[in-house]
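# Could you work out the structure for the sequence below:
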Amino acid sequence: MASAQMHTDDFFYSDFDVYPDDKKVGKHQFQVSDMDGAKLVQSDASFKYKILFFTAYRYEHSAAECWADNCLVKFDATTNSNGDRISVSGEQTGDGFVEDSGDSPIVLPACVMTFAYWNAEFINQSRLLNPQTGEYLDVRVEKVGDEIREILGQQIVATLFRLTALEVDLTFWYSSTNEWLGLESVVKGGRIIRYELS
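The predicted structure follows:
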């Protein structure tokens with residue numbers, strides 16, 4: 001589609017600009033590569049929102065994930081949300097998927113998925129792991145329908161889905177070949193955070 005997104009059989013890369021309202025505040029990049037039958041996923045986000053000359057909000061997030069057969073095998077994630085630092089990790093074991101966010105480890109089912117927008121299969125899940133917080137959330141995903149969206153200056157037929165969960169309300173869309181094209185999330189105060197391919 002453009003350098004903002006590359007997709008082959010064994011490699012996927014997306015580079016999104018992030019907007020609250022109409023002001024660009026940062027980027028979120030995703031890279032997925034195949035290695036010996038596993039998928040290695042790297043996600044890096046950095047947002048900085050300024051009012052006049054003062055930084056009102058800063059967000060940094062980095063996550064490294066390893067997947068096999070659409071199941072999360074291992075992950076490590078760190079987040080800095082306006083000075084609040086959170087580290088979460090997890091790994092498949094013989095007992096299930098053990099997730100650790102600093103308190104007592106939690107044992108989840110052996111096969112879990114995160115909010116893996118890069119993999120359209122995740123829309124079929126009823127529970128998802130939030131790698132930022134370590135929460136294992138009940139989710140509801142419903143198909144909204146097809147719309148014409150402008151993506152990188154082109155008019156594209158996109159299929160929209162809405163996902164809701166505890167304090168989560170977002171809409172995301174895919175191309176006819178299941179390429180992830182964008183996202184909008186409702187955040188505190190009713191503001192909209194929007195991801196657009198850059």
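# Can you name the residues in contact with stretch 132-150?
61, 63, 77, 79, 86, 88, 90, 99-101, 106, 108, 112, 123-130, 155-166, 168, 171, 173, 181-182 (CB atoms under 8 Å, 6 or more residues apart in numbering). C-betas here are computed from N, CA, C, even on glycine.
# remind me which residues of this protein are low pLDDT?
For the chain, the stretches with pLDDT under 70 are 1-9, 52-56.
# quick one: Trp173 and Val157, what's the gap?
10 Å (CB to CB, to the nearest Å).
# Around Leu18, how many other residues sit close by?
That one is not Leu; residue 18 is Val. Neighbourhood size, Val18 [other CB atoms under 10 Å]: 23.
# Any idea what it is bridged to?
Gly26, Tyr195 (DSSP bridges).
# who's more crowded, Trp173 and Val157?
Just comparing Trp173 and Val157: by other CB under 10 Å the higher neighbour count belongs to Trp173, 22 against 11.
# helix, strand or coil for the more buried one?
Recorded secondary structure, Trp173: strand (DSSP: H, G, I helix; E, B strand; the rest coil).
# try Ile123
The three-state label given to Ile123 by three-state DSSP is helix.
# wait, it sits on Thr159?
No - in this structure, Ile123 is not within contact of Thr159 by CB atoms under 8 Å, at 10.1 Å.
# in what helix or strand does Arg85 lie?
Taking DSSP states H and E as the definition, one finds Arg85 inside strand 84-93.
# Check which strands are paired with that strand and give the direction for each one.
In its sheet, and by DSSP bridges, strand 84-93 pairs with strand 71-81 (antiparallel), strand 96-100 (antiparallel).
# Report the distance from the first one to the chain centre.
If I follow you right, that is strand 71-81. Once both centres are worked out by CA atoms, centre = their mean, to the nearest Å, strand 71-81 turns out to sit 11 Å from its chain's centre.
# Can you mark which positions in stretch 123-136 are buried?
Ile123, Gln125, Leu128, Leu129, Asn130, Pro131, Gln132, Gly134, Glu135, Tyr136 (16 or more other CB atoms under 10 Å).
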